[in-house]
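Asker: below are the sequence and a predicted model; questions follow.
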Amino acid sequence: MKAIVDSGSTVNLSDLAGGTVLYDYEPDAKIRVKALNNSSSRGQGRGTIIVWGTDVQGLRVPLRVSRVHRLDGSTVMLLSVSSLAAIGNEFHFTRQRSWIKTPDGHEIIFEHEGGLYWLRWKRAIDPSKYSGNYSGQSSEQVLRGKRNLYYIIFQDVKMTNNVS
């Protein structure tokens, strides 16, 4: 998956489909988004998600994205530079390369394509428990017994880590 890294946005937006686990879910949070073509969309619900990016050494590392607004039908995830910087991430944009430095010190590279900066990522299921050694449990299995997580059911998704 890819997400647009946007310095002009003040909010993070995603479809949140496919079994995305949300921490600190606020089901009543509402948002109205107006596009450049004057069309508008409404979303409801927001929470914190964890995504996996690849750092400069090729390691899969978690990136916390707070206050992600659910916008059904969105074709790409939109990451707000200002909201991610507010929780301790640093952004670097140079001619040679661009990256985000997480609060843990990991540098995750952005791709520059079509005048936009993109972050390649995979949705995390429960990084605090599996920490990179994800072994094929579904989101629903991971959430059993957890009270502070919410599971948005759109489709059954299973992730695997192909380790040789």
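Answerer: Nice, thanks for sending it over. Small disclaimer: the values here were computed from a predicted structure and weren't measured.
Asker: report the central residue of this protein.
Answerer: With distances taken as CA atoms, centre = their mean, the chain has Val51 as the residue nearest its mean C-alpha position (4.6 Å).
Asker: now that one, which residues is it bridged with?
Answerer: Leu63, Arg123 (DSSP bridges).
Asker: in the chain, which spans are strands?
Answerer: With strands called from DSSP state E, the chain shows them at 2-6, 12-14, 21-34, 40-54, 60-70, 77-80, 90-93, 98-101, 107-113, 116-120, 122-123, 149-151.
Asker: now render the ones you listed as CSV, adding mean pLDDT.
Answerer: As requested, the strands of the chain are exported to CSV (pLDDT from 0 to 100):
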stretch, mean pLDDT
strand 2-6, 91
strand 12-14, 91
strand 21-34, 85
strand 40-54, 87
strand 60-70, 89
strand 77-80, 92
strand 90-93, 95
strand 98-101, 94
strand 107-113, 92
strand 116-120, 92
strand 122-123, 76
strand 149-151, 41
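Asker: that older thread, check contacts around the residue nearest to the centre of the chain.
Answerer: Val51 sits next to Ala3, Pro62, Leu63, Val65, Leu119, Trp121, Lys122, Arg123, Ala124 when contact means CB atoms under 8 Å, 6 or more residues apart in numbering. C-beta here means a position set from N, CA and C on the backbone, and glycine is covered the same way.
Asker: try Arg64
Answerer: By CB under 8 Å, 6+ apart, the neighbours of Arg64 are Thr48, Ile50, Ile87.
Asker: please tell me how far it sits from Pro103.
Answerer: Per CB to CB, to the nearest Å, Arg64 is found 8 Å from Pro103.
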